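K.L.:
Quick one: sequence and predicted model below, then my questions.
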Amino acid sequence: MNERHETPEPETPEPMSETRLTELLRRAGLRPTRQRLALGQLLFGSGDRHVSAEALHAEVEAAGESVSLATVYNTLHQFKRAGLVRELAIDGSRAYFDTNVSNHNHFFIEDAGELMDIDSGSIRVDGLPEPPEGMRISHIDVVVRLVKA
């Protein structure tokens, strides 16, 4: 008997409804403006992702929204302060924003300028210094840079 096992297609997350996105923004203390809703739909509407301000600006323009690059930067920083995204400074010239705000690490594919999450159990960090009095470690960012072999 020859059984055929098909691998199920990965589930594509449902796009976030405007109602859910509006509620997310309000819970974060942000007013749901047209620009925040447009950018929020691109950021949070299709699962976790890593994006630069420039790439998000190109996406929102392609979607037919007129939003300046400065507004994209300002909105990403507002989302960061509200705890909706994490900022990752990979090198001095570009920051990436991650919609997965949990404490996790990344691969950075240098040629492509692309970030990928590293499986949470794959990295162990030992020997951390004691933080100064009155301070605590909020998280540790490990970025493993990759190039073609």
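P.N.:
Yep, it's here.

K.L.:
which strands and helices sit next to the lowest-mean-pLDDT helix or strand in the chain?
P.N.:
Sorting the helices and strands of the chain by mean pLDDT, DSSP states H and E puts strand 86-91 at the bottom, at a mean of 88. On a contact count with 3 or more Cβ pairs under 8 Å, 6 or more residues apart in numbering; DSSP states H and E, strand 86-91 meets helix 69-81, strand 94-98. (C-beta placed from N, C-alpha, C; glycine too.)

K.L.:
now the strands for the chain?
P.N.:
50-52, 86-91, 94-98, 106-109, 114-117, 143-146 (DSSP state E).

K.L.:
rank these by pLDDT, which is bottom?
P.N.:
Ranked by mean pLDDT, the strands of the chain end with strand 86-91 in last place, scoring a mean of 88.

K.L.:
ok, residues contacting it?
P.N.:
50, 76-77, 80, 95-98, 100-101, 106, 108, 115, 141, 143 (Cβ atoms under 8 Å, 6 or more residues apart in numbering).

K.L.:
same thing but 7 Å
P.N.:
Applying Cβ atoms under 7 Å, 6 or more residues apart in numbering, the contact partners of strand 86-91 are Lys80, Ala95, Tyr96, Phe97, Asp98, Val101, His106, Phe108, Leu115, Asp141, Val143.

K.L.:
What of stretch 104-114?
P.N.:
Contacts of stretch 104-114 (Cβ under 7 Å, 6+ apart): 88, 90, 115-118, 120, 123, 141-148.

K.L.:
Please, a PyMOL command that selects the buried ones among these?
P.N.:
This is how PyMOL selects the buried members of the contacts of stretch 104-114, with burial counted by 16 or more other Cβ atoms under 10 Å:
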select buried, resi 88+90+115+143
